[in-house]
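Trainee: Next comes the sequence, and after it the predicted model I'd like to discuss.
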Amino acid sequence: MAHLRDHIDLLRLRASRDPDAFARIYDRYVDAIYRFVSFKLPSKEDAQDVTADVFMKAWDHIRQDKPVENVRAFLYRIANNLIIDVARRAKLAEALKGAKSELAEKVGKLVKAKLVDAD
């Protein structure tokens, strides 16, 4: 039944850019998407941000008249991709943090060696 309602809302959205149609899709899926995202991410703030981004990306995609066959699957796909993006950024941030610490340690050793050589 939800699939039929989704299809009708998509048709209305495409035909007349009806924001109420998108609001109905949002209301139908926001809680489920948030639950899905919150189980995968470490913080409530990240989960809220990703949930909002899911619907922004969906809105942009639909407004560009790109095809959507199954709204539920489409939203979960966006959510999953955004979760992966958050994980990649966290991994990169951790790697940069480690590299920064390592660099600071090497610079400290070089400065110390220069000071010893200067005496």
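Mentor: Looks like it arrived, so ask away.
Trainee: Grab the nearest non-local neighbour of the spatially most central residue of the chain.
Mentor: The centroid of the chain falls nearest to Leu82 when counting by C-alpha atoms, centre = their mean (3.0 Å). Spatial nearest neighbour of Leu82, chain neighbours left out: Val50 (4.8 Å); criterion: C-beta to C-beta, 6 or more residues apart in numbering. Placement of C-beta: from N, CA and C, glycine included.
Trainee: The one you found reaches Leu41, doesn't it?
Mentor: Yes: the pair Val50 and Leu41 qualifies as a contact (C-beta atoms under 8 Å) at a distance of 6.5 Å.
Trainee: Between the two, which has more neighbouring residues?
Mentor: Per other C-beta atoms under 10 Å, whichever of Val50 and Leu41 has more neighbours is Val50, with 24 against 20.
Trainee: so who does Arg24 touch?
Mentor: Contacts of Arg24 were listed using C-beta atoms under 8 Å, 6 or more residues apart in numbering, and they are Arg5, Asp9.
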